[in-house]
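>>> below is the sequence, then the predicted model.
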Amino acid sequence: MDRLPEEVVLQILTFLDILDLVRLQAVSSRYLALARDDNLWKHECFNHSRVAAVRRRQQLLSAQPSALADLRNAVSALPGRDLTACDVSQLRGSHQPRATTNPAAEERVQRARAMANWEPGYAHEQLDYYQEFIRRHAPIKIGWLDLPNHQARDKEAMREATGLGTLRSCHTNEVSNLVAPLDDGSICIWSANTQSALSRAGRGRLLAQSRPGLLSGRSPEATAESHTIMTETGAVECVSIDSSADKGYFAVQSLLHEVDLNTLQIASTRQYPWPITALSEVQPTAPLTVGTNWTIHLSDPRDPAFGTAQTDFHGAEMIGGSSYSHATLTQPGPLSILHEGTGEHDSSIWVAGRFTSLLNYDRRFFPRLRSTIFSGARIASLAALPFPLIPRSLDLVRNPEASISSLIDARSQLGTTILAAAEYKGKGSLELYGLPRVQPYQNRQTASASKLLSVAAHGATIVFSDGDGNLKPPNLDPATQATQARLASGAALHPDSQAKATSYRRLHRSSP
């Protein structure tokens, strides 16, 4: 084996099981590199995907006797069955038009089309398919954050995090720390390094905690008052971290506190006319966008007028001005603010919440509303992907007329996809909006039985949470379920509790 060329060894490795491939990595550095070959694991990801499972099922159906095919057709025609046209075609084992009369060549063509349609990567995107296979198919293990000192002693006094922010390393731009305000008015900072992912010495170690009551303005002993103040508005996206300056912005009722994360002391405070319900992420070249119950504000911490550590809040008046101009909302309740555009110099601000449309502002012409996108759902969280949303007309499985070259060309275009976690008629709704030409895709049937609370991009997957305490990652397909992790009730309190996992594929693809 050691004398064989790498191409021959890789061909042999394609016949090994997954566990054998993993064990082979421990043999030598050469086999470690070969057993983690990107193309090898890309094919393993595809072979374990639902797309490949459907193809195998269709091949079995096509090989069955005609009598069974007639029975299948009769069953699919029964009234009362909620089947799509694609479901019916799968039940009947329908075929795509053949590209050639050679069965082996036809199989290669159809596999190539299915794999191109499934492909989660985009032009100029580097994916590690070994890690992708782990994300999609490996058992999920949950790491837990260390409790603050007083909680470690008193298990009954469980504190509640009222928000969460990430502090990134200025050298690698990787997340190094987690920052969260607690319901007693304190701020905690945890380690999020990857040296020891699930050990007590690694990720989840509590590094620092401020005094209780820092954000609520109450004494450390007045925990009941602090709890009421910190949880009254119910805002979740109330933390924004400036990693370049080691500062954090924390919204508590109508106050916005700027906190030095090195000293965990308040550096400045600004008051707004209504309770703050959402904050945007901090960007070095853009003001912080603040959403209150009825208004949207631009607040630039670099401006000396932002305020100092004082209790004089007369600056809360809604006056004009370039830095602190505001937009008035016709309906209350913004819950998420996203700074994202279709290009490097796009100054878009997207606002969503309890109202049923996404609001788009241009920072250069704020507070004038630039455009809206009607959703019909109440959106709790927004995120973005720097890739275009592929139209369903280019689905190579559903549309035999679509070509692989057209799909590759569409993937290479510039664009952005907005992800929205929402609630529609009591059920969860995962929604995708392609920019600059708006192309909506909404999964309101299989995303979740309860409302969605948050959404984020993670590798070649999207991860969202729902009201039942589940974390669900769709691959590039918001309709294709793969794994699920449950964090509800007792599972969230006991690290040894069982966890499942749910995955969907990330961007454009619908279940074949």
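Structure's in. What do you need?
>>> distance between the longest helix anywhere in the chain and the chain's centre?
In the chain, taking DSSP state H as the definition, the longest helix is helix 103-118. Relative to its chain's centre, helix 103-118 lies at 31 Å (CA atoms, centre = their mean, to the nearest Å).
>>> now do the buried residues in the following helix or strand past that helix.
The helix or strand immediately downstream of helix 103-118 is helix 129-137, counting by DSSP states H and E. Neighbour counts over helix 129-137 (16 or more other CB atoms under 10 Å) mark 129-130, 132-133, 135-137 as buried. The C-beta positions use only the backbone N, C-alpha and C, and glycine is treated the same way.
>>> quick one on the thing from earlier: quick one: mean pLDDT for the longest helix of the chain?
In this model, helix 103-118 has a mean pLDDT of 85.
>>> which strands and helices lie in contact with that helix?
The helices and strands touching helix 103-118, judged by 3 or more CB pairs under 8 Å, 6 or more residues apart in numbering; DSSP states H and E, are helix 38-47, helix 50-62, helix 404-411.
>>> ok, back up a step: could you dump the buried residues of helix 129-137 to JSON lines with pLDDT and distance to E340?
Shown next, in JSON lines, are the buried residues of helix 129-137 (pLDDT from 0 to 100; distance: CB to CB, whole Å):
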{"residue": "Y129", "pLDDT": "91", "distance to E340": "27"}
{"residue": "Y130", "pLDDT": "92", "distance to E340": "29"}
{"residue": "E132", "pLDDT": "88", "distance to E340": "24"}
{"residue": "F133", "pLDDT": "91", "distance to E340": "29"}
{"residue": "R135", "pLDDT": "83", "distance to E340": "24"}
{"residue": "R136", "pLDDT": "84", "distance to E340": "26"}
{"residue": "H137", "pLDDT": "86", "distance to E340": "30"}
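>>> tell me which of the residues you listed is nearest to C238?
R135 (28.9 Å; CB to CB).
>>> residue contacts, the residue lying closest to that closest one once chain neighbours are set aside?
Distance criterion CB to CB, 6 or more residues apart in numbering; nearest residue to R135, sequence neighbours excluded, is G459 at 5.6 Å. Contact analysis of G459 by CB atoms under 8 Å, 6 or more residues apart in numbering lists 127, 131-132, 135.
>>> can these go into JSON lines with extra columns for distance to S244?
As requested, these are exported to JSON lines (distance: CB to CB, whole Å):
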{"residue": "L127", "distance to S244": "28"}
{"residue": "Q131", "distance to S244": "28"}
{"residue": "E132", "distance to S244": "31"}
{"residue": "R135", "distance to S244": "29"}
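>>> and the furthest pair within those residues?
The two members of the contacts of G459 with the most space between them (CB to CB) are L127 and R135, at 10.6 Å.
>>> state the distance from the residue sitting nearest the centre point of the chain to L338.
Centroid-nearest residue in the chain: A456, 1.5 Å away (criterion: CA atoms, centre = their mean). Taking CB to CB, to the nearest Å as the measure, A456 falls 12 Å from L338.
>>> so what sits against both of those two?
In contact with both A456 and L338: A383, using CB under 8 Å, 6+ apart.
>>> neighbours of L68, how many?
11 (other CB atoms under 10 Å).
>>> in what helix or strand does the residue lying farthest from the centre of the chain lie?
Residue farthest from the centre of the chain, counting by CA atoms, centre = their mean, is A67 at 46.7 Å. A67 belongs to helix 66-76 when elements are defined using DSSP H and E.
>>> same check on S176?
strand 175-181.
>>> so what does that strand touch, helix or strand wise?
Judged by 3+ CB pairs under 8 Å, 6+ apart, the packing partners of strand 175-181 are strand 165-168, strand 187-191, strand 239-242, strand 247-252.
>>> ok, the first one: who's next to it in the sheet?
When you say that, I think you mean strand 165-168. Strand 165-168 pairs in its sheet with strand 175-181 (antiparallel), by DSSP bridges.
>>> break the chain down into its structural domains.
6-137, 149-493 (automatic domain parsing).
>>> gap between the two ends of the shortest one?
Meaning domain 6-137. End-to-end span of domain 6-137 (CA to CA, to the nearest Å): 27 Å.
>>> now the strands for the stretch 351-500 of the chain?
Assigned by DSSP state E, counting those that start in this stretch, the stretch 351-500 of the chain shows strands spanning 357-362, 369-374, 378-385, 416-424, 427-435, 439-448, 452-458, 461-466, 470-472, 485-486.
>>> for the longest one, list every residue counted as buried.
It stands for strand 439-448. Within strand 439-448, the residues scored as buried using 16+ other CB under 10 Å are 439, 441-444, 446-448.
>>> format the domains of the chain as TSV; extra columns: distance to G143.
Shown next, in TSV, are these (distance: least, CB to CB, whole Å):
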stretch	distance to G143
domain 6-137	15
domain 149-493	4
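>>> A402: what's it in contact with?
Contacts of A402 (CB under 8 Å, 6+ apart): 393-396.
>>> any idea how far it lies from T328?
46 Å.
>>> swap in L147?
In terms of CB to CB, L147 sits 43 Å off from T328.
>>> that concludes my questions; thank you for your assistance.
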